[in-house]
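J.: Sequence and predicted structure are below.
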Amino acid sequence: MTLFFDRRLRTRPVRLDHLPPALAGDLAYRRFCLPKLSTRRSADHVLLAERARFHLRNALWVRMPTTEGEVQAYVFEPEGDGPHAGVLIAHGWTSEASFMAVFAEQLRRAGFRVVAFDQPGHGKSAQERASLIDCARALLHVAETLGPFKFAVTHSMGGLAALLVGEGGPPMARAYPFERYVLLSSPNSFSTITREFADELHLGPAATRNFERHLERVAHRPMATFTAANLLAATGRPALVIHARDDTEVVFRHAEEIAAACPKATLLAFDGLGHRNILFAPPVIRAALSYLSDG
């Protein structure tokens, strides 16, 4: 029976509303931890990734073990003698480091030492299954192994992973002292993301609650308080929150909530860039460079 459902979970789309709530919630969690099967991943993702990896040509490819399995890291060394401030880049859910390589290359040219990596379950990292907590633990390991880093530049769910590391509370073993964050298209409330996922699977209220209990168990915190705003406030660090008003995957309201709750957060809004093109827009890259250089 388990093997049957495992095969079903690897098809798109999936409906679980015909199952008992407890089983549906369990299977929803298993599906959620398969980022490469997300419906938010574009049909031409593999082709786009192959093209994007061209921009990793100036990076040193480092295969490194972590507590969450082997991950593929990319080190962009700046030209000239140091000292060079370090920047750790964290990509979003279903994505990979190559999609932020243009950002990384511009940071490198500006004199920063930059490291990006494929999160567990993404890109060229070895795993198939991964949770947001797995990504955060891998991020902490990369930071401590390939750092030091003053800054974190993140996209989408990578922002939550980096903020979990910066906050350092359970289930993280300790905090990492990033001094500033650039949060690109970051969600605020994790529960908003999980409820949208539950709707995709047609989960009822009881099944949705069971699904979220799995997430609360691994995150060691209730869904109601699992927000980027709470994590950022706990770090006590400043952040530049960059978001497109026309983002349909993570709507602009998330950025407004983060900025409203965190006095040290600065909100910068753009039009016409959506959720993904924001990573390649020169005005966005210039804004991030200016913010980190001032820091």
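T.: Arrived safely.

J.: Could you use CA atoms for every contact and neighbour count after this?
T.: Will do.

J.: Now the residue most central in space within the chain: which helix or strand?
T.: The C-alpha lying nearest the average C-alpha coordinate of the chain belongs to Gly158 (Cα atoms, centre = their mean; 1.6 Å). According to DSSP states H and E, Gly158 maps onto helix 157-167.

J.: Which SSE is immediately downstream of that helix?
T.: strand 180-184.

J.: Now do the strands in the stretch 101-250 of the chain.
T.: Remark: strands assigned in the stretch 101-250 of the chain by DSSP state E, counting those that start in this stretch are 113-117, 151-155, 180-184, 239-244.

J.: quick revisit: my guess is the residue nearest to the centre of the chain meets Thr94, correct?
T.: No. Counting by Cα atoms under 8 Å, Gly158 does not reach Thr94; the two are 10.4 Å apart.

J.: before we move on, the earlier item: so for the helix holding Gly158, what's the average pLDDT?
T.: When pLDDT is averaged over helix 157-167, the result is 98.

J.: try stretch 125-145
T.: In this model, stretch 125-145 has a mean pLDDT of 95.

J.: quick one: buried residues of stretch 47-59?
T.: 49, 52-53, 55-56, 59 (16 or more other Cα atoms under 10 Å).

J.: repeat for stretch 233-245
T.: For stretch 233-245, by 16+ other Cα under 10 Å, it's 233-235, 237-245.

J.: for stretch 138-156, same thing?
T.: When burial is assessed from 16+ other Cα under 10 Å, stretch 138-156 yields the following buried residues: 138-143, 146-156.

J.: Can you get me the start-to-end distance on stretch 234-245?
T.: For stretch 234-245, the first-to-last residue distance is 27 Å (Cα to Cα, to the nearest Å).

J.: got a list of contacts for it?
T.: 163, 166-167, 178-186, 232, 251-252, 255, 258-259, 264-275, 278, 284, 288, 291 (Cα atoms under 8 Å, 6 or more residues apart in numbering).

J.: For ChimeraX, write a command that selects the buried ones of these.
T.: Selecting the buried subset of the contacts of stretch 234-245 in ChimeraX, with 16+ other Cα under 10 Å as the burial test, is done by:
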select :163,166,167,178,179,180,181,182,183,184,185,186,232,251,252,255,258,259,264,265,266,267,268,270,273,274,275,278,284,288
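
J.: so where is the protein shaky, pLDDT-wise?
T.: 1-13, 82-83, 295 (pLDDT under 70).

J.: in it, which spans are helices?
T.: Using DSSP state H, the helices of the chain run over 2-9, 21-32, 45-52, 101-109, 132-146, 157-167, 190-200, 205-219, 228-235, 253-261, 282-294.

J.: and Asp118, which of those is closest to it?
T.: Closest to Asp118 of the helices of the chain, according to Cα to Cα: helix 132-146, at 9.2 Å.

J.: And that closest one, what does it pack against?
T.: helix 157-167 (3 or more Cα pairs under 8 Å, 6 or more residues apart in numbering; DSSP states H and E).

J.: Could you tell me the angle between the helix it packs on and helix 132-146?
T.: For helix 157-167 against helix 132-146, the angle by axes from the mean of the first three to the mean of the last three Cα atoms, to 10 degrees is 60 degrees.

J.: Report the distance from helix 157-167 to the chain centre.
T.: 8 Å (Cα atoms, centre = their mean, to the nearest Å).
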